[in-house]
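>>> structure for this input, please:
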Amino acid sequence: MTTEITVPELGESIVEATVGEWRVKVGDPVKVGDVIVELETDKVDVEVGATTAGVIATITQPTGSDVKIGDVLGAIDANGATGKTQTKAQADPGDPAPPSPTNTGETPAGKGKATPVARRMAEAEGVDLAQIDGSGAGGRVTRQDIAARVEPRTRPEPATEPDEGERVFASPRPTPSPETDEREERQRMSRRRRTIAQRLVEAQQTAAILTTFNEIDMSAVMDMRRRRQESFVNQHGVKLGFTSFFVKACVGALKAFPRLNAELQGDEIVLKHYYDIGIAVGAEEGLVVPVIRDADRKSFADIEKAVR
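Here you go, the predicted structure:
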C-alpha cells in the first residue's frame, strides 16, 4: 500500500511553503515519526514526519519548489520495507546470522538529528552535530544546544582592567569575506528571507529616507597626510587627498561585512567579491559619480589619479 506525503497545516494565515531539505531519498526506509522533509514558510520552518513505516517510493517536489497545503510531496510504500525484510530472511535460511556490529566509536543512532534552525547555526559556526547530545524530542539538537556549545569558545579571556588613559572601545569583530577567485557567489534565499527582503524593499520605497551623520577623529590621518605629502607628490606626481583613505576604508568595511556588498537577483543573494566604489563629484553640469573599479587592488596613488 502506498501512502502519500502531503503538505500539512502550517499554521494560522500560512497557506504556502517552500520545500527546504529532503532528509531522505527514494529507496530509503523510514519509520513512523522520522523527519522526511523540511518546509520553509514566511514565519517558521516545519518538519514533515512519516505517518507510516515503509520505503520512500517517490519524491515529486524537489528542494526549492513552492507548495500549498495538501500538495503531494512524495509517497511511502508501506509494503517495501516488509518485502525487503522477507526477501532477505528467506534468501538462505541455513546461513548463520551475521554478527552484530560492535561499537567502534562511530556516531551512535540518533546522533546528528537537529532542527532546521540548529542545523543552519551549526553549519555557520562549524559545529559537528554528531558531537552534541540533543536536548530536544528524540534527542534532536536544538538552537539552545548549539548556542551552549559555541558560547564557551567565543567567550573572551578575562583581562585586567586597563587604566583610564589606555582604555580602547572597539566594535565586535565581524566575519570577513572568504578568500576566493570567484568574482560572485550565489546563495539561495529561504522563503522567510525572501519575504524579509520584499518587505524591506517596500519600506524603502514608501518610508521617508533618513540620513545619519557620524563624527570620527581624523587627526592621525591628517597628520600622516601632512608629513607624507611632499614625498608622495614627488614619487607619484599627484597630491595625497582624503578620498583614497575613504575608499580604502569602504573596501575594508565591505570585506568585513560581505553582505553589504551584495544584491538580490530573483530568489538568490549575489555576494560580490570585487569592490567598485563610486565617488560623488560636483561638476559644472551637476553631480556625477565616477566609479573606481576593483578599488581593493589599487594603491593610494592609483585612486588619487582615478578621481582627478
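>>> run through the stretch 51-200 of the chain and note the low-pLDDT ranges.
Scanning the stretch 51-200 of the chain for pLDDT under 70 picks out the ranges 80-112, 116, 136-138, 151-181.
>>> mind doing that once more with 50?
Applying pLDDT under 50 to the stretch 51-200 of the chain flags residues 82-110, 162, 164-172.
>>> which residue ranges of it form helices?
Assignment of helices within the stretch 51-200 of the chain using DSSP state H, counting those that start in this stretch yields the ranges 78-90, 116-125, 143-154, 191-206.
>>> next up, the contacts around the residue nearest to P290 when sequence neighbours are not counted.
The spatial neighbour of P290 that comes closest, neighbours along the chain excluded (Cβ to Cβ, 6 or more residues apart in numbering), is I279 at 5.8 Å. C-betas here are computed from N, CA, C, even on glycine. Contact analysis of I279 by Cβ atoms under 8 Å, 6 or more residues apart in numbering lists T243, V247, V289, P290, V291, I292, V307.
>>> distance of the third one from T18?
Right, V289. 38 Å (Cβ to Cβ, to the nearest Å).
>>> report pLDDT for G266.
At G266, the predicted lDDT confidence score is 83.
>>> again, but for V15
On pLDDT, V15 comes in at 85.
>>> give the contact list for it.
By Cβ under 8 Å, 6+ apart, the contact set of V15 is K68, I69.
>>> contact partners of stretch 61-79?
The list of residues contacting stretch 61-79 from outside it, by Cβ under 8 Å, 6+ apart, reads 1-10, 15-22, 30, 36-37, 39, 48, 50-60, 188, 267.
>>> distance from stretch 193-209 to the middle of the chain?
With Cα atoms, centre = their mean, to the nearest Å as the basis, the distance from the averaged C-alpha position of stretch 193-209 to the chain average is 20 Å.
>>> how about it: buried residues?
Within stretch 193-209, the residues that qualify as buried by neighbour count (16 or more other Cβ atoms under 10 Å) are R193, R194.
>>> before we move on, what about stretch 6-15?
Within stretch 6-15, the residues that qualify as buried are V7, L10, counting by 16+ other Cβ under 10 Å.
>>> and if you look at stretch 140-147?
Within stretch 140-147, the residues scored as buried using 16+ other Cβ under 10 Å are R140, V141, T142, R143, D145, I146.
>>> if we can go back for a sec, out of the contacts of I279, show me where the pLDDT dips lowest.
V307 (83).
>>> enumerate every residue touching that residue.
If a contact means Cβ under 8 Å, 6+ apart, then V307 has G241, T243, I279, V281, P290, I292 as its contacts.
>>> from these, which ones fall inside helices?
T243 (DSSP state H).
>>> which among the contacts of V307 count as buried?
Applying 16+ other Cβ under 10 Å to these flags G241, T243, I279, I292 as buried.
>>> which among those residues gets closest to T211?
Sorting these by distance to T211 puts I279 at the head of the list, at 18.1 Å, by Cβ to Cβ.
>>> tell me the confidence at the closest one?
Listed pLDDT for I279 reads 90.
>>> the contacts of V307: which two are farthest apart?
Within the contacts of V307, two members stand farthest from each other by Cβ to Cβ: G241 and P290, at 14.4 Å.
>>> for the one helix or strand K255 maps to, name the packing helices and strands.
For K255, the enclosing helix or strand under DSSP states H and E is helix 243-256. When contacts are defined as 3 or more Cβ pairs under 8 Å, 6 or more residues apart in numbering; DSSP states H and E, helix 243-256 packs onto strand 277-278, helix 300-306.
>>> what do you get if the cut-off is 6 Å, keeping everything else the same?
For helix 243-256, the elements it packs on are helix 300-306, judged by 3 or more Cβ pairs under 6 Å, 6 or more residues apart in numbering; DSSP states H and E.
>>> which positions in the helix it packs on come out as buried?
For helix 300-306, by 16+ other Cβ under 10 Å, it's F300, I303, E304, A306.
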